[in-house]
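>>> Sharing a model prediction with you, sequence too.
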Amino acid sequence: MAETVLARFGHESPLREVNEIEQSLKAERSEGQQRLFQPRYAKPLLLAAMIAAFNQLDGINAVIYYTADIFRMAGADKTSALMQSVIVA
């Protein structure tokens, strides 16, 4: 079945292609799965968690949400306040 599909897509030797696919799948299965929480992944995981926490704790989302209101209270008209909030974001 796979040979027929590969031949339809124009592969020169579909049988060889199927054999290569099977070998790569066998090699992938034999390697097994790696665990995510390993010592070598500690630094990237820690950095990712710290960046995510900082993003939530710094409050920038609230500031960006209210920038148009803040600029309007400072005296800017509505379109100018919206444009300034786009620039800040």
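Received the coordinates, thanks. Numbers count the residues shown, from 1 in each chain.

>>> This protein: strands as residue ranges?
Counting by DSSP state E, the chain forms no strands at all.

>>> Can you list the low-confidence ranges for the chain?
Applying pLDDT under 70 to the chain flags the ranges 89.

>>> Longest helix in it, please.
Counting by DSSP state H, the longest helix found in the chain is helix 14-31.

>>> What are the contacting residues of it?
2, 3, 4, 6, 7, 11 (Cβ atoms under 8 Å, 6 or more residues apart in numbering). Quick note: C-beta positions are derived from backbone N, CA and C, even for glycine.

>>> try 10 Å this time
By Cβ atoms under 10 Å, 6 or more residues apart in numbering, the residues outside helix 14-31 that reach it are 1, 2, 3, 4, 5, 6, 7, 8, 9, 11, 13.

>>> How about the contacts made by the residue of the chain most remote from its centre?
Here the chain reaches farthest from its C-alpha mean at residue 75, the gap being 39.5 Å by Cα atoms, centre = their mean. Residue 75 makes contact with residue 81 under the criterion Cβ under 10 Å, 6+ apart.

>>> Please state the backbone phi and psi of it?
phi 110, psi 0 (degrees, to the nearest 10).

>>> ok, now residue 33?
For residue 33, the backbone dihedrals (degrees, to the nearest 10) come out as phi -100, psi 140.

>>> cool, and residue 38?
phi -120, psi 160.

>>> now it: how far from residue 44?
11 Å (Cβ to Cβ, to the nearest Å).

>>> Thank you kindly, that will do.
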